[in-house]
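Undergrad: Structure for the following, please:
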Amino acid sequence: MAGNFYRVACPDCQNEQVVFGKAATEVACQVCGHALVRPAGGKAAIEGDVVETVEAR
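TA: Okay, the predicted model is just below:
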């Protein structure tokens, strides 16, 4: 089960965090609590802006 890690910028506070592209649970921003990633079956729905792909597998 391969997946990618992405550096995502929060649309509210511009905090950047690394998230998994196939997240099975909701991932919230550690600063403001805005949902950055929501599970969507296979690939997760990324709510923030993808800054870069940190690691592609």
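Undergrad: so where's this structure shaky on pLDDT?
TA: Along the chain, segments meeting pLDDT under 70 span 1, 56-57.
Undergrad: mind listing the strands for it?
TA: Shown for the chain, the strands assigned by DSSP state E span residues 5-9, 16-20, 27-28, 35-38, 45-46, 49-55.
Undergrad: Rebuild these as JSON lines, extending it with mean neighbour count.
TA: From N, CA and C alone the C-beta is placed, and that goes for glycine too. As requested, the strands of the chain are exported to JSON lines (neighbours: other CB atoms under 10 Å):
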{"stretch": "strand 5-9", "mean neighbour count": "19"}
{"stretch": "strand 16-20", "mean neighbour count": "16"}
{"stretch": "strand 27-28", "mean neighbour count": "18"}
{"stretch": "strand 35-38", "mean neighbour count": "19"}
{"stretch": "strand 45-46", "mean neighbour count": "15"}
{"stretch": "strand 49-55", "mean neighbour count": "12"}
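Undergrad: how many other residues sit next to residue 29?
TA: 21 (other CB atoms under 10 Å).
Undergrad: Wait, it touches residue 9, no?
TA: No: if you go by CB atoms under 8 Å, residue 29 and residue 9 don't touch, sitting 9.5 Å apart.
Undergrad: any shared contact partners between these two?
TA: 15, 48 (CB atoms under 8 Å, 6 or more residues apart in numbering).
Undergrad: List the contacts of the residue positioned nearest the centre of the chain.
TA: By CA atoms, centre = their mean, the mean C-alpha position of the chain lies nearest to residue 19, the distance being 4.0 Å. Taking CB under 8 Å, 6+ apart, we find residue 19 in contact with 5, 6, 8, 27, 36, 37, 44, 46.
Undergrad: Not counting its neighbours along the chain, what's nearest the fifth one?
TA: If you skip the residues right next to it in sequence, residue 36 has residue 48 as its closest partner in space, 4.6 Å away by CB to CB, 6 or more residues apart in numbering.
Undergrad: Give me the distance between the one you found and residue 41.
TA: Per CB to CB, to the nearest Å, residue 48 is found 19 Å from residue 41.
Undergrad: Kindly report the same for residue 15.
TA: Relative to residue 41, residue 15 is positioned 27 Å away (CB to CB).
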